[in-house]
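# Structure for the following, please:
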Amino acid sequence: MKRIVLGFLVITSTGLIFSCTNNEPQKINPKKITQQEDGTISLGLDKADRYTDMDERSVNTAEWNVVVKKSGRYDVWISSATLDTTCLNYKNTVMVNVQDKMIQAIPDCDKIITNSRDVSHPYFRADSFIGTLYLKDTGEFYIQVTSEMILPEDYNIGKTSAADIAKLISVSFTPVTH
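Below is the predicted model of the structure:
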């Protein structure tokens, strides 16, 4: 009887030890963005993975891991911090790529927001309409934006350049309701 109980304990203990050591903790991506209930997707540059080259700024890229819950047509807007409310000084187009669908445009000052919490004095926030995209799939995927105005997080303002006049701060997708 002792042998049976001892065998049972050894088998149970061994199974318990292996089951505990084989469980890996779930990895959570802290930068994953989830679509809001109203369908809006808000992508702040502070939540992006950035790839920047100040010598060849036209290839600067920001990328977000996004969970889309609602398919549909979306207006794409970018927000820039700017000193000049008449011209953002983007030399190249801003490219927005979602699941191999791309739109591009040179941002214009479509809306100027004064006293925005997104920027500090002396900057204003300028919102620019880039275009419309249809997202037919739901799920998790990457949204990528390429622009010379995507600057490194630690970029020091103080030099005289277009980067001191404007810089990209966010991208948003708003559902088209009409």
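# tell me, what residue is most central in this structure?
W64 (3.3 Å; Cα atoms, centre = their mean).
# phi, psi of that residue?
Dihedral pair for W64: phi -120, psi 140, per degrees, to the nearest 10.
# What of L45?
L45 adopts backbone torsions of phi -60, psi -30, taken as degrees, to the nearest 10.
# swap in E37?
phi -60, psi -30.
# any idea how far it is from M54?
Remark: distance between E37 and M54 (Cβ to Cβ, to the nearest Å) = 39 Å. Placement of C-beta: from N, CA and C, glycine included.
# Look at the closest residue to M149 other than its chain neighbours and give its secondary structure.
Closest residue to M149 apart from its sequence neighbours, by Cβ to Cβ, 6 or more residues apart in numbering: L168 at 4.3 Å. Taking DSSP: H, G, I helix; E, B strand; the rest coil as the rule, one finds L168 in the strand state.
# Pretty sure E63 is one of the things I150 touches, is it not?
No. Contact criterion Cβ atoms under 8 Å: I150 and E63 do not qualify, at 10.2 Å.
# Overlap of the contact sets of the two?
By Cβ atoms under 8 Å, 6 or more residues apart in numbering, I150 and E63 have these common neighbours: R50.
# okay, these two: which has more neighbours?
Per other Cβ atoms under 10 Å, whichever of I150 and E63 has more neighbours is I150, with 22 against 17.
# From Y51, how far out is that one?
If you measure I150 against Y51 using Cβ to Cβ, the figure is 8 Å.
# Quickly list what's touching both of those two.
N60, T61, A62.
# Quick check: bridge partners of the second one?
Yep, that's T61 we're talking about. The residues listed as beta-bridge partners of T61 by DSSP bridges are Y51, T146.
# Helix or strand next in line after the worst-scoring helix or strand of the chain on mean pLDDT, which one?
Of all helical and strand segments in the chain, the minimum by mean pLDDT, DSSP states H and E falls on helix 2-21, at a mean of 48. Once helix 2-21 ends, the next helix or strand along the chain (criterion: DSSP states H and E) is strand 33-34.
# helices or strands up against that next one?
strand 41-44, strand 61-68 (3 or more Cβ pairs under 8 Å, 6 or more residues apart in numbering; DSSP states H and E).
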